[in-house]
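K.L.:
Dropping a prediction and its sequence here:
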Amino acid sequence: MFFRFCTKSTFWESRRSLKRGFTLIELLVVIAIIAILIGLLLPAVQKVREAAAFAQCKNNLKQIGLACMDYESARSFLPPGYLELPNDSPGWQNIFSYEETGLMVYILPFLEQGNISNQLTTPQNVQTPTQMPWWSVNPDFGLAYSKLKVAICPSSPFQQPSQAMYGIFVAEEVEINGYSSVEGGYFGAGSSYPFGLTNYIGCNGSRGRGWNGSGFDPYYQQYQGIFGNRSQTTIASITDGTSNTLMVGEALGGVSNGQFQFGLSWMGFGVGLTKFGLASYPNANWPQFSSAHAGGINFAFGDGSVRNLIAAGTTPNGGTPPGAPPASAGTNWYILQALGGMHDGIVNQSGTLGGN
């Protein structure tokens with residue numbers, strides 16, 4: 001018979017070499033714990049990310065507001081909101097036939113975008129209108145594809161023109177067609193025309209200078225904003241005080257049930273109206289001030305400060321008959337109009353809508 005002997009040390013070495021694995025139950029418990037930890041961590045990460053995006057958005061508005069003030073220092077008046085028909089008696093035959101450049105174009109040099117501004121050939125003289133839309137000349141058309149980081153809110157779900165279902169607005173006219181207040185021209189199919197977008201537009205007040213198709217409407221005229229068609233507003237003319245008057249605010253463009261319908265080009269879209277109230281994602285009309293921030297909509301005021309206003313109660317239900325306030329408009333709607341107007345005589349109201 002053959003016998004094999006092993007020493008004690010060899011026996012213990014053999015035991016030490018044995019390895020014990022996880023049971024299925026232990027593995028499932030570990031996975032469950034990891035899933036719970038991730039579930040607890042994700043909201044915190046998202047909250048930090050949104051806080052960073054919110055701060056970046058406010059910084060963008062700060063830069064844009066200061067750029068408008070720098071323009072005023074250089075030219076003695078604030079930049080125009082946009083260049084369209086040179087008078088307040090609009091005719092359909094001439095609409096969208098002028099320069100059509102928006103607010104952002106005039107402050108490019110003060111946003112460290114002089115390389116773009118210096119190449120533009122579309123006339124930008126407020127006093128001398130020309131029937132030369134920016135999309136009809138080069139290199140302006142190509143330059144409009146430029147992406148400006150300062151013009152985009154990081155919280156916006158829509159960062160690319162290709163996301164727009166219907167197209168990109170490249171021109172607007174506020175005081176036209178009687179009571180409709182605002183018209184827009186757009187290039188269809190966002191992917192075909194990848195214009196640079198903007199989420200920041202100037203405040204036109206309730207409905208510009210209050211033109212209602214046949215004359216100036218006294219009610220809406222009192223809420224005229226800083227920026228308008230060929231406007232040349234001076235700081236001194238903001239009699240409500242710059243700290244009480246909206247200058248530039250956020251805008252998502254046209255959004256319906258979370259679907260991106262229309263984008264706003266920085267080259268051609270200049271102003272929004274307070275008449276329609278404030279909106280939050282997932283719904284917003286294209287001429288509205290709107291935002292994807294959970295807290296509200298950021299605005300740069302005329303003094304350069306940036307504050308956040310809540311949307312609650314600012315949008316009227318039903319129509320807005322000319323010459324009278326909306327019958328169903330709440331108190332916040334009136335406060336918003338006063339904030340948008342630069343010489344309505346109503347001041348110190350921003351705190352009611354948030355103002356942080």
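P.N.:
Perfect, thanks for sending it.
K.L.:
hey, let's count contacts and neighbours off CA atoms from now on
P.N.:
Noted.
K.L.:
And the helices in the stretch 251-356 of the chain?
P.N.:
Secondary structure of the stretch 251-356 of the chain by DSSP state H, counting those that start in this stretch: the helices cover 331-340.
K.L.:
tally of neighbours for Thr331?
P.N.:
12 (other C-alpha atoms under 10 Å).
K.L.:
which residues of this structure fall in strands?
P.N.:
According to DSSP state E, the chain carries its strands in the segments 167-173, 183-188, 200-203, 246-250, 254-256, 259-264, 271-272, 278-280, 289-291, 297-301, 306-309.
K.L.:
What are the neighbouring residues in contact with the nearest residue to Gly205 once chain neighbours are set aside?
P.N.:
Nearest residue to Gly205 in three dimensions, chain neighbours excluded: Gly225, at 3.7 Å (C-alpha to C-alpha, 6 or more residues apart in numbering). Going by C-alpha atoms under 8 Å, 6 or more residues apart in numbering, Gly225 touches Cys203, Asn204, Gly205, Ser206, Gly208, Arg209, Leu246, Gly340, Gly341, Met342.
K.L.:
picking that back up, adding mean neighbour count, write the strands of the chain out as TSV.
P.N.:
Converted to TSV, the strands of the chain look like this (neighbours: other C-alpha atoms under 10 Å):
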stretch	mean neighbour count
strand 167-173	27
strand 183-188	16
strand 200-203	32
strand 246-250	31
strand 254-256	21
strand 259-264	25
strand 271-272	32
strand 278-280	25
strand 289-291	30
strand 297-301	27
strand 306-309	22
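K.L.:
Not counting sequence-adjacent ones, nearest residue to Ser156?
P.N.:
Spatial nearest neighbour of Ser156, chain neighbours left out: Ala292 (5.8 Å); criterion: C-alpha to C-alpha, 6+ apart.
K.L.:
roughly how far apart are the residue nearest to Gly205 and Asn125?
P.N.:
Noted for Gly225: a distance of 21 Å to Asn125, by C-alpha to C-alpha, to the nearest Å.
K.L.:
related to what we said a few turns ago, what's the farthest-apart pair in the contacts of Gly225?
P.N.:
Greatest spatial distance among these (C-alpha to C-alpha): Arg209 and Leu246, at 15.5 Å.
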